[in-house]
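Trainee: when you get a sec, could you give me coordinates for this:
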Amino acid sequence: MRGRVQGVFFRAATAQEARSLGLTGWVRNRPDGAVEIRAEGARRNLEMLAAWAHQGPPAARVTDVEVEWSEYAGNWRDFAVR
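Mentor: Got it, this is the predicted structure:
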């Protein structure tokens, strides 16, 4: 995600949303000012997280979301904030 996405509790809100959807993975701030999310789970729930990410928490102003899909690998046991 790009826009005003750092310093607005975006990572914490993402983790809460992902956990509520039963997803595993992580979210982190990138040095370039973007936020990166890696998540695994049911396709429908991943689509719901991607749709949520277009808006994010109330203080965020998301201007761009890039989504990449890949095969499920079972890499994570929970959803973490990095």
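
Trainee: tell me the mean pLDDT for stretch 43-53?
Mentor: Averaged across stretch 43-53, pLDDT comes to 96.

Trainee: export it to PDB, keeping only CA atoms.
Mentor: What follows is stretch 43-53, C-alpha atoms only, in PDB (Å, rounded to 0.1, in the frame of the first residue of the first chain):
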ATOM      1  CA  ARG A  43      -9.000 -17.200  -1.400                       C
ATOM      2  CA  ARG A  44     -12.300 -15.400  -0.400                       C
ATOM      3  CA  ASN A  45     -10.800 -14.200   2.800                       C
ATOM      4  CA  LEU A  46      -7.600 -13.000   1.100                       C
ATOM      5  CA  GLU A  47      -9.900 -11.100  -1.400                       C
ATOM      6  CA  MET A  48     -11.700  -9.500   1.600                       C
ATOM      7  CA  LEU A  49      -8.300  -8.400   3.200                       C
ATOM      8  CA  ALA A  50      -7.200  -6.900  -0.200                       C
ATOM      9  CA  ALA A  51     -10.500  -5.000  -0.400                       C
ATOM     10  CA  TRP A  52     -10.100  -3.800   3.100                       C
ATOM     11  CA  ALA A  53      -6.500  -2.600   2.400                       C
END
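
Trainee: in this structure residue 29 contacts residue 6, no?
Mentor: Yes: counting by CB atoms under 8 Å, residue 29 touches residue 6, with 5.2 Å between them. (C-beta placed from N, C-alpha, C; glycine too.)

Trainee: which residues do the two both contact?
Mentor: Residues touching both residue 29 and residue 6 (CB atoms under 8 Å, 6 or more residues apart in numbering): residue 35.

Trainee: wait, residue 33 touches residue 7, no?
Mentor: No: under the criterion of CB under 8 Å, residue 33 lies out of contact with residue 7, with a separation of 10.0 Å.

Trainee: the two: which is more packed in?
Mentor: Legend: neighbour count by other CB atoms under 10 Å for residue 33 and residue 7, higher for residue 33 (13 against 10).

Trainee: just the strands in the chain please.
Mentor: Along the chain, the segments classed as strands by DSSP state E run 2-4, 24-29, 35-40, 61-64, 79-81.

Trainee: what is the neighbour count of the nearest residue to residue 76 once chain neighbours are set aside?
Mentor: Distances taken as CB to CB, 6 or more residues apart in numbering place residue 24 nearest to residue 76, at 3.9 Å, with adjacent residues excluded. Applying other CB under 10 Å, we find 17 residues neighbouring residue 24.
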